[in-house]
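Chemist: Predicted model, plus sequence, below.
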Amino acid sequence: MKKNNVDFGSIQQKYLMQCWSVQSHYAPIAVDKADGCWIYTTDGRKIFDLRSAHECINLGFRHPKVLQAMRDQMEKVVYVTDDFATRPTAQLAKTLAEITPGDPNKRVWFAQSGAAAVEAAIKAARFYKYHQMITKGLDNLSAEMQYPYPYKIISRYRSWHGSTTGAASVSGDPRRWFIEPFTMPGVKHAPDAYCYRCPFHKTYPECDIDCVEYIDQMIELEGGSNKVAAVIVEPIVGSNGIIPPPEGYFPRLREICNKWDVVLIVDETMTGLGRTGKMFAIEHYNTVPDIIVTGKALGVYCPLTATIFSSKIAQVFENNVFGHGQSFSGHALACAAALASIKVLDEEGILDRVKEMGQYLGNRLKSLQQAHKSVGDVRGIGLFWTIELVKNRQTKEPFRKQTEKYTHNVVTEISEYLLRKKNIYIPADKFGIWIVPPLIVKNEEIDFLVDSIDEALKIADDKVT
Ligand SMILES: Cc1ncc(COP(=O)(O)O)c(C=O)c1O
């Protein structure tokens, strides 16, 4: 190993504050370059990135068309404020307005993190409802409804919306606990649409999707339209276990939000831009949200996220201040990368490929369920899959509880084994094994990944009770 290569690994280890980690355990692997689905290390290893760099690198590393678009844009303008217009910023806002579900007459706000985009969604939803109330006139409201204005936000327990205070408050993930008790007021958590572990101990479809009906009741008991501003959900739960909802969940949630005139915010930070085989995962459920948040893969190699407001929400800001902002909003270089990536998804037929590869991957993963007694559930869609591990299939006792995010357990052991023995980087901070490869993954790479997971699952099988 060359001395300078050793140096930057140890320098980073010493000076970087790693996210969500005990710093004395931090041991970064020094990287020489990354290409396609693979990361090449300075000590000669070639590692498959099975988490697509925090689900950001959907097109794999160094996609030539995206890099070229970035080079071209860098020669013109990297960033100017939104008092100026640039081609990529304008074009990306228009494109997102057009390719997201619903009437294209939308407005888009850009940020650099999913959390910041979620904060904008919450603030705008609350302002929309406030505006509605003052337009109605306080005299037309019963006394107990006059103060404060609708501010409550309903989200779900198994959810992650980001680490800033508002976004973490609406999250149910244990990472929310790091800000307690100073969470944002007004958040109410609803039961999850988690069929494998139904909170009502029922089975779909006989359950009549009680988890969504519960939200109807929650809104009523929380004060209805006069107190509740929004419901925020991931279309398919990401960080908390890759959980697709049962069919019918979203159309019914839309009906409930319409009934109470509550804003429906769909957080596509992890699922947007083709991960599930549709440009946006909510398209699987024929539902049009009022606000869509997207991020991660949007900017490909640049931090870029977006809050996309339907005309219903956007119109209240035509004559009122959108009281939100960020220094680098609408960054031209990041927008150029995003536009290039949307073009690549289209030109290279990647969405169809994801559907096809997703079927292949899903079938192969499901066959592991028969072969391994530690596999409780295999679920997913497109190239977004998880294997949930259990100590006992009958009781569904988990190896790792939702509340044990930071404990060393079988999931950690499997991910360590895969990295050490198979050169596969797979998320260890999850509740099960994740199979979230870049969307350009090849058949033979999927075979290699599934064969390796098959081998590693023996670690869990040995611990089944
Ligand atoms: C659904 C969802 N929303 C928001 C976020 C937060 O995004 P960021 O880490 O860019 O702030 C995440 C991150 O994992 C996410 O999965």
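Modeler: Happy to help now that I have it.
Chemist: just how off-centre is stretch 413-421 within its chain?
Modeler: Centroid displacement of stretch 413-421 relative to its chain, using Cα atoms, centre = their mean, to the nearest Å, is 25 Å.
Chemist: Format the CA atom coordinates belonging to that stretch as CSV.
Modeler: C-alpha atoms of stretch 413-421 as CSV (Å, rounded to 0.1, in the frame of the first residue of the first chain):
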residue,chain,number,x,y,z
GLU,A,413,-22.4,-10.2,11.4
ILE,A,414,-23.8,-11.0,8.0
SER,A,415,-22.8,-7.6,6.6
GLU,A,416,-19.3,-8.0,8.1
TYR,A,417,-19.0,-11.4,6.5
LEU,A,418,-20.1,-10.2,3.1
LEU,A,419,-17.7,-7.3,3.1
ARG,A,420,-14.8,-9.4,4.4
LYS,A,421,-15.3,-12.6,2.4
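Chemist: Check which residues of that stretch are buried.
Modeler: 413, 414, 415, 417, 418, 419 (16 or more other Cβ atoms under 10 Å). All C-beta atoms are positioned from the backbone trio N, CA, C, and that covers glycine.
Chemist: Between those, which sits nearest residue 50?
Modeler: The closest of these to residue 50 turns out to be residue 418 (Cβ to Cβ; 7.9 Å).
Chemist: Would you check that the closest one makes contact with residue 426?
Modeler: Yes - the pair residue 418 / residue 426 is scored as a contact, 5.3 Å apart, by Cβ atoms under 8 Å.
Chemist: Give the intersection of the neighbour lists for the two.
Modeler: residue 50 (Cβ atoms under 8 Å, 6 or more residues apart in numbering).
Chemist: about what we covered before: looking at the buried residues of stretch 413-421, which are in helices?
Modeler: Members of these lying in helices (criterion: DSSP state H): 413, 414, 415, 417, 418, 419.
Chemist: Closest one of those to residue 187?
Modeler: Nearest to residue 187 among these, with distances taken as Cβ to Cβ, is residue 415, at 31.5 Å.
Chemist: so the closest one sits right up against residue 428, yeah?
Modeler: Yes - using Cβ under 8 Å, residue 415 and residue 428 qualify as a contacting pair, with a distance of 3.7 Å.
Chemist: And the helices in this protein, which stretches?
Modeler: Counting by DSSP H, the chain has helices at residues 3-15, 52-55, 64-74, 87-99, 114-136, 165-170, 210-221, 249-260, 311-314, 332-347, 350-371, 410-422, 443-461.
Chemist: What average pLDDT does the second one get?
Modeler: Put plainly, it is helix 52-55. Averaging pLDDT along helix 52-55 yields 96.
Chemist: likewise the fifth one?
Modeler: With pLDDT averaged residue by residue, helix 114-136 scores 95.
Chemist: quick revisit: from the ones in helices among the buried residues of stretch 413-421, which is closest to the ligand?
Modeler: Set against the ligand, the nearest of those by Cβ to the nearest ligand atom is residue 415 (17.4 Å).
Chemist: Spit out the contact partners of the closest one.
Modeler: Here residue 415 is in contact with 426, 427, 428, 433 (Cβ under 8 Å, 6+ apart).
Chemist: got it, and residue 29?
Modeler: Going by Cβ under 8 Å, 6+ apart, residue 29 touches 9, 39, 41, 45, 47.
Chemist: Take those residues and keep only those in strands.
Modeler: 39, 41, 47 (DSSP state E).
Chemist: is it possible to export those to TSV including neighbour count and pLDDT?
Modeler: Formatted as TSV, the ones in strands among the contacts of residue 29 follow (neighbours: other Cβ atoms under 10 Å; pLDDT from 0 to 100):
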residue	neighbour count	pLDDT
39	20	98
41	18	98
47	19	98
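Chemist: Which single one of these is nearest to the ligand?
Modeler: Nearest to the ligand among those is residue 39, at 19.8 Å by Cβ to the nearest ligand atom.
Chemist: My guess is the closest one contacts residue 60. True?
Modeler: No - taking contacts as Cβ under 8 Å, residue 39 lies outside contact range of residue 60: 10.8 Å.
Chemist: burial of residue 10, as a residue count?
Modeler: The tally of other residues near residue 10 (other Cβ atoms under 10 Å) stands at 13.
Chemist: report the longest strand in the chain, please.
Modeler: Using DSSP E, we find that the single longest strand of the chain is strand 384-392.
Chemist: Tally up the residues packed near whichever residue of the stretch 51-200 of the chain sits closest to the ligand, please.
Modeler: Nearest to the ligand, among the residues of the stretch 51-200 of the chain, is residue 114, at 2.3 Å (Cβ to the nearest ligand atom). Applying other Cβ under 10 Å, we find 28 residues neighbouring residue 114.
Chemist: For it, give me its contacts.
Modeler: By Cβ under 8 Å, 6+ apart, the contact list for residue 114 reads 161, 162, 167, 267, 269, 270, 293, 295, 296, 305.
Chemist: 7 Å instead, please
Modeler: Counting by Cβ atoms under 7 Å, 6 or more residues apart in numbering, residue 114 touches 162, 269, 293, 295, 296, 305.
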